[in-house]
Structures are given as C-alpha cells and as structure tokens.
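Undergrad: what follows is a predicted protein model with its sequence.
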Amino acid sequence: MYNLAVMYHEGEGVPKDPQKAAEWYGKASDAGHPEAQYNLGLMLLYGNEIPADPQKALSLFEKAAKAGVQDAKDAMKLARERLSDPEQ
C-alpha cells in the first residue's frame with residue numbers, strides 16, 4: 001500500500017495522482033505504517049495537493065513520531081503553529 005502511494009505521489013511508473021496517493025497513504029496509515037502517516041500528514045498540512053487539514057495532520061505526525069519517524073517531531077511543531085495561526 002505504501003509503495004503504491006509513493007508511486008502515485010511521485011509519478012513513478014504510473015501517472016502522478018495526488019488523490020490516489022492520499023488514498024493509498026491513508027490505507028497504509030490505517031494499517032499502522034509510520035512513513036505513510038508522515039507523508040499523508042505533510043499532504044494534509046500544506047494542502048497543496050489535497051485539502052488542508054492541520055488537525056488531522058498533527059494526529060498523523062504524533063502517531064508517526066511515536067513509531068520513530070524523527071522528521072514527524074519537527075512536523076508536529078509546524079502543524080501546531082499552523083493551528084495557532086491559520087494564516088501561515
């Protein structure tokens with residue numbers, strides 16, 4: 001699931017499709033895949049490819065950080081800043 005999400009996100013071997021990437025990251029995230037949680041969190045935090053949802057992003061970053069994804073800790077800070085100042 002995660003690998004398919006990356007393929008759609010990056011356009012590797014398939015046409016780039018952020019919606020499908022988010023869908024597959026979501027499935028992998030639900031299955032407990034920490035990198036999928038982190039990547040979907042980034043998509044939700046920035047909202048460039050799918051609608052932004054900083055609260056959900058923060059929740060995913062927290063799960064990923066607990067599972068050992070170091071970058072998720074920094075992303076948690078960004079999500080908290082975004083939640084406290086939506087204009088960012």
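TA: That came in fine, so what should we check first?

Undergrad: show residues contacting stretch 58-75.
TA: Counting contacts by Cβ atoms under 8 Å, 6 or more residues apart in numbering, the residues outside stretch 58-75 that touch it are 29, 32, 34-35, 37-38, 40-42, 44-45, 57, 76, 79-80, 83. The C-beta positions use only the backbone N, C-alpha and C, and glycine is treated the same way.

Undergrad: swap that for stretch 24-39, sorry
TA: Defining contact as Cβ under 8 Å, 6+ apart, one finds that stretch 24-39 is touched by 1-2, 4-6, 8-9, 40, 43, 60-61, 63-64, 67-69, 71-72, 75.

Undergrad: first vs last residue of it, how far apart are they?
TA: End-to-end span of stretch 24-39 (Cα to Cα, to the nearest Å): 11 Å.

Undergrad: and the gap between Asp85 and Trp24?
TA: 31 Å (Cβ to Cβ, to the nearest Å).

Undergrad: where does the protein have low pLDDT?
TA: Residues of the chain meeting the criterion pLDDT under 70: 86-88.

Undergrad: okay but Ala52 is in contact with Tyr46, surely?
TA: Yes - with contact defined as Cβ atoms under 8 Å, Ala52 counts as touching Tyr46 (6.8 Å).

Undergrad: give the residues shared as contacts by those two.
TA: Contacts common to Ala52 and Tyr46, judged by Cβ under 8 Å, 6+ apart, are absent.

Undergrad: dump the residue contacts of the residue lying farthest from the centre of the chain.
TA: Note on the chain: the largest separation between a C-alpha and the mean C-alpha position, by Cα atoms, centre = their mean, falls on Gly13 (21.1 Å). Contacts of Gly13 were listed using Cβ under 8 Å, 6+ apart, and they are Met7.

Undergrad: for it, which three-state class applies?
TA: Under DSSP: H, G, I helix; E, B strand; the rest coil, Gly13 falls in the coil class.

Undergrad: about what we covered before: could you flag which of the contacts of stretch 24-39 are buried?
TA: Neighbour counting over the contacts of stretch 24-39 (16 or more other Cβ atoms under 10 Å) leaves 1-2, 4-6, 8-9, 40, 43, 60-61, 63-64, 69, 72, 75 as the buried ones.
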